[in-house]
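S.K.: The sequence and its predicted three-dimensional model are supplied below.
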Amino acid sequence: MAVLGAGLAGRLCAWQLVRAGLRVALVERGGPDGVGSAAHVAAAMLAPLAESAIAERRIVELGTASVDLWRAWVAELPEPVFFQEDGTLVVWHTRDRSEMSLFTSRVRAVAPPELVAERMRALDGNGVAALEPALAGRFSQGLLLAGEGQLDNRGTLRALLACAVAGGLHCVWEAGEIEAGDLPALGICARTVLDCRGLGARAAWPGQPAAHGSMPGLRGLRGEVVRVHAPEVKLHRPVRLLHPRYPIYIAPKPNDLYVIGATELESEDESPMSVRSALELLSAAYSLHPAFGEARVLELNVQRRPTRPDHLPAIRVDQHARIVRLNGLYRHGFLIAPAVTEAACQVVQALLDDDPAAHAVPASVRWPGMIAAALDTVAGSPVLH
Ligand SMILES: Cc1cc2nc3c(=O)[nH]c(=O)nc-3n(C[C@H](O)[C@H](O)[C@H](O)COP(=O)(O)OP(=O)(O)OC[C@H]3O[C@@H](n4cnc5c(N)ncnc54)[C@H](O)[C@@H]3O)c2cc1C
């Protein structure tokens, strides 16, 4: 079988399918370093509670299940991958304190109450300092969202690929903008195709009627992040700084690297980061800790998040063409990908087994609307397979 796209979803699926004993080809328009994927620039925070302030309950549930899967999967990878579950620290400047009540009321409205009770803890200034000594005296209040995690995105992409290749994965790099129909020309004869091309699969996700015209079935949401080297700042866990325009986070990575993000703009623009975004992100970091003033800016990254109209992931199955499409990971790819890719791999397996109920995925890994037949267009008219 073939997997299209070697971003986050493609690599995770290829790895799982190889592990399940299948012969798999992974075909990618770019190179093995992942440059060009959203996964390459992501902060890779695994923060179901923090995200519940702006997401649906389903994302919290998928995220909570996925953090458990990441823990197990990272332990299986042959090379060490930076992964931690030391929680998220949420802080705010006095002028933004109204954001705190908005944040907590959204979290309480969306996340399961038992999760909130177990994981959300109010902190005073001493509590903030005990968790992050570098912030001592800087914030008189904060919140700890215990158990939340983060990964090294690039290390994870590298390790997944290495492990899958060691298991027999065949890779085709620099393949250009391919479709499933291009595979034979690449010498690949696949009984089933799993499409993980993110935004590159846009044409396969038909638009939906909306109040004013039509809503694209898949669109890109521009996100900008700054990567800095800041050896003088010692943060141990991701810190969210509540901000009226968008949630700003500062995520520590190995070797004194920090990812500061992220803007979220309703735009397909792929041009370099704007001065306004750079100023806002870097000022936020500097306001968190003045030692960020001496940090070195390594990268100013821009990518678009593959987003469906409901901002939820989806798996679409075209049984006739034997194509499974996974998409819509939006801003939660690292958070939810293990649960979503596991479900997609079960659909692939059912298709390979010629199971007439190829959508039959156990209820335990299914969420409402998760799997549906693909809507194709033949001679201009929609056909539901
Ligand atoms: C700025 C930013 C910050 C983020 N931070 C976080 C975070 O902290 N936590 C979190 O959970 N998520 C985060 N995300 C979201 C996460 O990165 C995405 O949800 C995830 O990467 C989507 O995975 P994907 O595999 O669907 O797409 P991608 O990772 O974009 O991979 C798609 C792959 O398909 C390839 N491709 C495309 N078209 C073709 C074609 N025609 N032929 C062959 N190959 C093709 C691309 O080159 C790419 O390699 C962030 C995203 C951005 C942009």
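M.R.: Yes, it's here. Remember, predicted model here, so these are calculated numbers, not experimental data. Residues are numbered from 1 along each chain as shown.
S.K.: Up against the ligand, what does the stretch 251-385 of the chain have?
M.R.: Gly261, Ala262, Gln303, Arg305, Pro306, Leu329, Tyr330, Arg331, His332, Gly333, Phe334, Leu335 (C-beta under 6 Å from any ligand atom). To be clear about C-beta, it is placed using only N, CA and C from the backbone, and glycine gets the same treatment.
S.K.: now do the stretch 101-250 of the chain
M.R.: By the rule C-beta under 6 Å from any ligand atom, the part of the stretch 101-250 of the chain lying against the ligand is Ala175, Glu177, Ile178, Cys196, Arg197, Gly198, Gly200, Gly223, Val225.
S.K.: residues touching the fifth one, list them.
M.R.: To tie it back to what came earlier, the one meant is Arg197. Residues in contact with Arg197 (C-beta atoms under 8 Å, 6 or more residues apart in numbering) are Leu4, Gly5, Gly7, Gly10, Asn327.
S.K.: Can you give me the domain boundaries for the protein?
M.R.: Listed domain ranges for the chain are 2-39+153-215+310-384, 88-146+219-305 (source: automatic domain parsing).
S.K.: tell me, what residue is most central in this protein?
M.R.: When C-alpha atoms, centre = their mean is applied to the chain, the residue found nearest the centroid is Gly333 (1.7 Å).
S.K.: my guess is it meets Arg11, correct?
M.R.: No - between Gly333 and Arg11 no contact is recorded; they are 11.3 Å apart, counting by C-beta atoms under 8 Å.
S.K.: any shared contact partners between these two?
M.R.: Here Gly333 and Arg11 share the contacting residues Ala39, scored by C-beta under 8 Å, 6+ apart.
S.K.: pretty sure Val228 is touching Leu298, no?
M.R.: Yes - under the criterion of C-beta under 8 Å, Val228 makes contact with Leu298 at 6.1 Å.
S.K.: List the residues that contact the residue of the stretch 151-300 of the chain found nearest the ligand.
M.R.: The stretch 151-300 of the chain approaches the ligand most closely through Gly200 (1.8 Å), counting by C-beta to the nearest ligand atom. Gly200 is in contact with Gly5, Arg29, Glu177, counting by C-beta under 8 Å, 6+ apart.
S.K.: Narrow the residues you listed to those in strands?
M.R.: Mapping the contacts of Gly200 onto strands (DSSP state E) picks out no residues; all lie outside.
S.K.: With adjacent residues omitted, what lies nearest to Leu326?
M.R.: Counting by C-beta to C-beta, 6 or more residues apart in numbering, Ala344 is the residue found nearest to Leu326 once chain neighbours are left out, at 4.4 Å.
S.K.: Surely the one you found forms part of a helix?
M.R.: Yes - counting by DSSP: H, G, I helix; E, B strand; the rest coil, Ala344 falls inside a helix.
S.K.: Now do it against Pro78, distance only.
M.R.: From Ala344 across to Pro78, the span is 24 Å (C-beta to C-beta, to the nearest Å).
S.K.: Also Leu62?
M.R.: Separation of Leu62 from Pro78 (C-beta to C-beta): 27 Å.
S.K.: and those two? which has more neighbours close in?
M.R.: Leu62 (26 against 9; other C-beta atoms under 10 Å).
S.K.: which residues touch the residue nearest to the more buried one when sequence neighbours are not counted?
M.R.: Closest residue in space to Leu62, ignoring its immediate chain neighbours: Ile336 at 4.1 Å, by C-beta to C-beta, 6+ apart. Residues counted as contacts of Ile336 (C-beta under 8 Å, 6+ apart) are Ile59, Leu62, Gly63, Ser66, Pro313, Leu329.
S.K.: Residues in contact with stretch 116-133: which ones?
M.R.: With contacts defined as C-beta under 8 Å, 6+ apart, stretch 116-133 is touched by 49, 87, 89, 91, 104, 107-108, 135-148, 234-237, 239.
S.K.: what's the first-to-last distance across that stretch?
M.R.: In stretch 116-133, first residue to last residue: 25 Å (C-alpha to C-alpha, to the nearest Å).
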